[in-house]
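# here is the input, now give the coordinates:
(one chain, ligands or ions: 1)
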Amino acid sequence: MSFNYIIVGGGTAGMVVATRLSKDPNVTVLVLEAGADKSSDPAVLTPGLFSTQIGKPEYDWMFRSTRQAHLNDRIIAQPRGKQLGGTSAMNIMVIMHPTRANLDAWGALGNEGWSFDELAPYYRKMSTVTPPGPNARDVVQVDKWHDPVLDGDSGPLRIGWGNDYPESLHGAWVKTFDHLLGRGMTGDPRNGEAVGGFQNMESVSPDTRCRSYAANAYYGPEERARPNLTVMTDTLVVRIATKQTPSGIVAIGVHVRMPDGEEQYFDAIDEVVLCAGTIQSPQILELSGIGGRALLEQHSIPVMVDNPNVGENLQDHPIVGQIFEVKEGVRSLDLLKDPGYAETAMEEFSKQGTGILSQGPVTSAYTPFVDKDGVMPEAEVKALFDEYLGSKRNTAHDATDHELQLLRNSMEKPGSNQVQYHLLPASLPVQDPNGISPVFDQPQVAVMAILSHPFGRGHVHISSSSITDPPMLDPRYLVHPLDMEILARSVQFTERIRYPDFPHADVSLDRAKEIVRQVAFSCYHPAGTCGMRPREARGVVDARLVVHGTTNLRVVDASVFPLMPSGNIQATVYAVAERAADFIKEALAERRRASAAGGGDNGSTDSAGGSTVGSVDEDGSGGTSVHGDSSMDGKGSNASA
Ligand SMILES: Cc1cc2nc3c(=O)[nH]c(=O)nc-3n(C[C@H](O)[C@H](O)[C@H](O)COP(=O)(O)OP(=O)(O)OC[C@H]3O[C@@H](n4cnc5c(N)ncnc54)[C@H](O)[C@@H]3O)c2cc1C
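Numbering: from 1, shown residues only. Sure thing, here's the model as predicted:
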């Protein structure tokens, strides 16, 4: 069987691309997803039950890191959604946007056409934002910063706020930051520059109060009925088939393992789009012969493209959660451990769509650099950079000098956020392979400090030639000493959040570092392993997301982020996937134009500068007109419908 487009991985990005491409009835799209479709499962749909999927193989790939030398040799869990919708089906639904300087640095790394302003239309395109209700207005005072101009109004993902924020937690959190920073939010955090405490938006449908995610927002009844879109679940992709041509390596199909264990093969007419996520996209590339020669030969895999950058440049947000018991009467998700409380909460949620289960749990803050005394003076921040990027420069971190300088420049831009905090009204629902999380009898909340802009880099590579062996995941958390310096100071500030008014005992920097080593884990935002950069600058894909050395194989997921965005990354995954769909449609339009002009050969050049095999017209399935919805110009500054 053959399809114009084969999408490997029906996760967050994969379903965006599938839906946008299959809007054109003249192309056929196949999605291959290893997990099941759980889009009517209450554990997925009920916002307050987000943590119940973690560590269960029917939802979660349950990856584990190697021992982390800078975290007391601990193994760090890395959950990933193994289901239609991928990790968007199991995340905590927080919607955050990165800084302007952050995305501008993507372009400065050699990616023409990428900047904050060029990606901005796609954050709107992916979403429909519902204005805040009375509770969000009164308790967390969203109107003080919410700028409706930035809201999407017709995209698939439903975004809004909850309707049940308690004053004792979410309200108090926002006021605490107003007090600690000496002012309220400096603007809408989606403008790329604002700092302060705020109630983040969430990917929850304001109508149903259920999770809105890639497998229901992008794959609803209309898309499910499309005859040209085939979605196969419980189907494991084993490798991508390629062949050598004079213009480069061409992806010609995909080998899969069907639910009954049988091996099958599907032909790709136009493109294969790899959307298997930061851990498995590089795994599938390597198993398909695209990776470092030495590694591939070690596993007896024929080398199609020798590129040792595949699987490198892994970045993640380390997070330090400190747990505090709450006073009686303060609401924590831990109360759900009581079966009677849980039953009442479930009844309230299903009958009225309100209560503790009806919304994403966390609230957030973006701050400048902070330490035990509050906001750090600029001179101290500069001294820290000078020391750790200068005299104490460490070369084990693996990032290039150019990249470190860009990162530093973007972090020194005045006004934008450098550290992120979350309040999670629960004990930490993480799979803790080390069993070190303290367990209290009383309900708890967690205050979490997140390192927004990591300097260290890790890697992920195959551990065998079999798709069923998990890859070796080594994020090398805090390998760069500057990461520890910044994160430990953020942990010192946690004590200020806890006691903004009372005299409090300062946590010494040494003690804060020990806390980091003992309890830091992953914020579950791995990115960067198929980085978008020029090949000579450690790239895997080009600025149109085509794999270097190939003509028609793209990667579209968090693995292409060249630099980690600040904040939770799902919004950026959706936005990048929306943009990628426009790239793909544009390449098709170009082939159709060439075909109409009489070119008609099997290797018309796409806008990425590569060439692709076949075309819709040659397949006999379509006319020669350009899609109605393909309106991107070469720079891609307008999102098409
Ligand atoms: C517990 C948790 C909480 C999080 N909370 C937030 C949050 O609140 N806000 C936020 O912004 N981000 C959050 N994130 C992160 C965010 O959800 C992810 O970064 C994002 O969804 C990743 O999208 P992706 O398209 O790159 O990969 P995925 O969505 O993971 O998609 C990859 C897909 O490929 C499939 N696949 C992999 N290998 C194969 C194969 N061989 N064959 C077939 N299919 C395959 C997978 O099953 C999966 O469906 C959280 C993550 C976790 C784990």
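# what about the closest residue to residue 545 other than its chain neighbours, how many neighbours?
Leaving aside its chain neighbours, residue 545 sits nearest to residue 554 (4.5 Å; criterion: Cβ to Cβ, 6 or more residues apart in numbering). Where you see a C-beta, it was placed from the backbone N, CA and C, and this is true even at glycine. By the criterion of other Cβ atoms under 10 Å, residue 554 has 28 neighbours.
# would you list the phi and psi of residue 554?
The phi/psi pair for residue 554 (degrees, to the nearest 10) reads phi -110, psi 160.
# okay, it and the ligand: tell me how far apart.
13 Å (Cβ to the nearest ligand atom, to the nearest Å).
# again with residue 203
When residue 203 is compared with the ligand (using Cβ to the nearest ligand atom), they lie 8 Å apart.
# any stretches of the stretch 101-250 of the chain with poor pLDDT?
By pLDDT under 70, the stretch 101-250 of the chain has no low-scoring segment.
# and it, which of its residues are near the ligand?
236, 237 (Cβ under 6 Å from any ligand atom).
# return the residues in contact with the residue of the stretch 101-250 of the chain found nearest the ligand.
Nearest residue of the stretch 101-250 of the chain to the ligand: residue 237, at 3.5 Å (Cβ to the nearest ligand atom). By Cβ atoms under 8 Å, 6 or more residues apart in numbering, the contact set of residue 237 is 8, 9, 32, 34, 254, 255, 256, 276, 284, 467.
# hang on, the earlier thing: my read: the residue nearest to residue 545 touches residue 268, true?
No - between residue 554 and residue 268 no contact is recorded; they are 11.4 Å apart, counting by Cβ atoms under 8 Å.
# what's the burial count for residue 448?
23.
# swap in residue 191?
Per other Cβ under 10 Å, the neighbour tally for residue 191 reads 18.
# do the same with residue 328
Residue 328: 7 neighbours (other Cβ under 10 Å).
# how about residue 227: what's its closest non-neighbour residue?
residue 25 (7.9 Å).
# which one's the longest strand in this structure?
strand 263-274 (DSSP state E).
# are that strand and the ligand in contact anywhere?
No - on the criterion Cβ under 6 Å from any ligand atom, strand 263-274 is out of touch with the ligand, staying 9.1 Å away.
# by how many degrees do the next helix-or-strand element following that strand and strand 263-274 diverge?
Counting by DSSP states H and E, the next helix or strand C-terminal to strand 263-274 is helix 277-287. Using axes from the mean of the first three to the mean of the last three Cα atoms, to 10 degrees, one finds that helix 277-287 and strand 263-274 are set 120 degrees apart in direction.
# and after helix 277-287, which helix or strand comes next?
That would be, after helix 277-287 and using DSSP H and E, strand 290-291.
# can you list the strands that that following strand pairs with?
Strand pairing for strand 290-291, determined by DSSP bridges: strand 305-306 (parallel).
# which residues touch stretch 146-155?
Residues contacting stretch 146-155 (Cβ under 8 Å, 6+ apart): 123-129, 131-132, 159, 187-188, 190-191.
# and the residue of the protein closest to the ligand?
residue 11 (1.8 Å).
# thought that residue was touching residue 558?
No - under the criterion of Cβ under 8 Å, residue 11 makes no contact with residue 558, lying 9.5 Å away.
# on that earlier part again, could you measure from the residue of the stretch 101-250 of the chain closest to the ligand over to residue 10?
11 Å (Cβ to Cβ, to the nearest Å).
# circling back to that earlier point, let me see the contact set for the residue nearest to residue 545.
Contacts of residue 554 (Cβ under 8 Å, 6+ apart): 271, 272, 273, 274, 541, 544, 545, 546, 547, 580, 583, 584.
# residues from the stretch 251-400 of the chain in reach of the ligand?
Applying Cβ under 6 Å from any ligand atom, we find that the stretch 251-400 of the chain lies next to the ligand at 275, 276, 277, 278, 280, 284.
# so what pLDDT did the fifth one get?
Listed pLDDT for residue 280 reads 99.
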